[in-house]
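[1] predicted structure and sequence below. I'll ask about it afterward.
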Amino acid sequence: MDSFAIQDLISELTDLELAILLALICQEHCVIETPIVNVDNVAGELALICQNKFGLSYAVLDCSSATSTDEFSNSILVPDARKGRLSNQALPSFEAGGYLDERKIVNVVIAKNLDQVSSEIQIQTLELIRSKRIFSRTSIHTAQRTFLFMPVIGYDDTAGRGVRLNKHLNDFFLFSHFHEIGAGLPNLEGDDGWPTDDQASLSSVVRKPQHLDDHFHTNQRQISEQIILHLRLLSDAVSVSAEVNRYLHNIVVFLRLNRGVAGGMSAKATKYFMIVAKSLASLHGIDYLTPSVVCLAAKKVYRHRIVVAKPEDDRSLQYGSHLSSVAMLLKGVDPDQIIDSVISEVEVPL
């Protein structure tokens, strides 16, 4: 497909499809946030997008505080009729009949409510993302070449929005995307193949990719690996002027100095900021970085990272400020407001 055809295809994508495409271009992982009542529907929509739009295998995990490490490990493996090759008879056999467990991890792991699992499983998730492998009782399972881990985190008005994952794990997610209830779920609403509670396990659903046509499947154009590779090359070739580069780093500095920010502004986040900005430029069909694209990237990269400061930790208290005044100033502040405030303060290059 030529560049015009690719841009035409991108313009038809929904917000969740674009989020997955951006993560695949950058070869990193992302967080999907949505109101808590919408978590199951968004997970179903993501699963259908992976299958129908990208032709990828996926596993949907229903995480909770009771989820064990064994359940987590086994739920993300591709189910095969025969798990592996015959083992060497001189070695201990882990499978009945002398077969080694050589199953691989699915292309996309969709983990609902990952913030509710134990710290041990969050650390296991971090190791999975870093090394692209996971240990089970029988073997070491490796990820496939295309691998994406997507937690679907729900929130309610009482809990608010903030960092609820292990801080090291949270930092490894490239960006976050918030899906409103009213944004729509076109794939789920028009699909009859999504399993009901009677048809599938409540703990996990694993599906393999179907054999798809290169460009059409049920009248929908597919996004092939060649298209993703082409967009990745375009992203790497995006030029950044000195003025826009300075603008990007000024946003980082202003975020770090903002009184509402207590943490989350890591070096990895700054690296991801540039990667996402250049990838968004390629998705917009331009080969140079603009201030508007930088602002969009800032909202994507930092909203799940920013740790909102507590009034009692504000630096101005050391110089005579009253706690009640600081508390009033920081009341109701969330990462979205902080990012918008910083963007409005930083001078935009001409």
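    That came through fine.
[2] can I see the domain layout of this structure?
    The record's domain split for the chain, according to automatic domain parsing, is 12-80+96-223, 237-345.
[3] end-to-end on the shortest one?
    When the termini of domain 237-345 are compared using CA to CA, to the nearest Å, they are 30 Å apart.
[4] gap between residue 77 and residue 348?
    From residue 77 across to residue 348, the span is 48 Å (CB to CB, to the nearest Å). Placement of C-beta: from N, CA and C, glycine included.
[5] tell me which of these two has more neighbours.
    Between residue 77 and residue 348, residue 77 has the larger neighbour count (other CB atoms under 10 Å), namely 19 against 15.
[6] list the contacts of that one.
    For residue 77, the contact set (CB atoms under 8 Å, 6 or more residues apart in numbering) comprises 59, 103-106, 136, 141, 206.
[7] surely residue 3 is in contact with residue 283?
    No. Contact criterion CB atoms under 8 Å: residue 3 and residue 283 do not qualify, at 11.9 Å.
[8] buried stuff in stretch 334-347?
    Of the residues in stretch 334-347, 335, 338-339, 342-343, 346 count as buried by neighbour count, 16 or more other CB atoms under 10 Å.
[9] re earlier: and the domains of the chain, which one is worst for confidence?
    Here the lowest mean pLDDT among the domains of the chain goes to domain 12-80+96-223, at a mean of 82.
[10] residue 3 and residue 283: who's more crowded?
    residue 283 (21 against 12).
[11] how much space separates that one from residue 43?
    24 Å.
[12] could you do residue 255 as well?
    Taken as CB to CB, the span from residue 255 to residue 43 is 31 Å.
[13] same deal with residue 267?
    For residue 267, the distance to residue 43 - CB to CB - is 32 Å.
[14] mind checking which of these two has more residues around it?
    Of the pair residue 267 and residue 43, residue 43 is the one with more neighbours under other CB under 10 Å, namely 26 against 9.
[15] part of a strand, is that one?
    No. Looking at residue 43 with DSSP: H, G, I helix; E, B strand; the rest coil, it is helix, so not inside a strand.
[16] residues contacting it?
    So residue 43 contacts 60, 110, 112, 152 (CB under 8 Å, 6+ apart).
[17] would you check that the last one makes contact with residue 115?
    So that's residue 152. No. Contact between residue 152 and residue 115 fails when scored by CB under 8 Å: they sit 10.0 Å apart.
[18] those two - which one has more neighbours?
    Shown here are residue 152 and residue 115; by other CB under 10 Å, residue 152 has more neighbours (27 against 20).
[19] so which strand or helix has the more buried one?
    Assigned by DSSP states H and E, residue 152 belongs to strand 148-155.
[20] and that strand, how far out from the chain middle?
    The chain centroid and the centroid of strand 148-155 are separated by 7 Å, computed with CA atoms, centre = their mean, to the nearest Å.
[21] the helix or strand just after it packs against which elements?
    Going down the chain from strand 148-155, the next helix or strand is helix 167-171, by DSSP H and E. Packing contacts for helix 167-171, counted by 3 or more CB pairs under 8 Å, 6 or more residues apart in numbering; DSSP states H and E, involve helix 119-131.
[22] in the helix it packs on, what's buried?
    Buried-residue list, helix 119-131, by 16+ other CB under 10 Å: 121-122, 124-126, 128-129.
[23] can you list the strands that whatever helix or strand comes next after that helix pairs with?
    The helix or strand immediately downstream of helix 119-131 is strand 133-135, counting by DSSP H and E. Looking at strand 133-135 with DSSP bridges, its partner strands are strand 140-142 (antiparallel).
[24] give me the contact list for the strand it pairs with.
    73, 77, 101, 103-105, 132-135.
[25] go on, stretch 10-29?
    30, 32, 42, 45-46, 49-50, 53-54, 108, 129, 146, 148-150, 172-175, 177, 179, 183-184, 186-187, 221, 223, 228, 231-232, 235, 272, 275-276, 279-280, 282-283, 285.
[26] just the residues you listed: which are in strands?
    30, 32, 108, 148-150, 173-175, 177 (DSSP state E).
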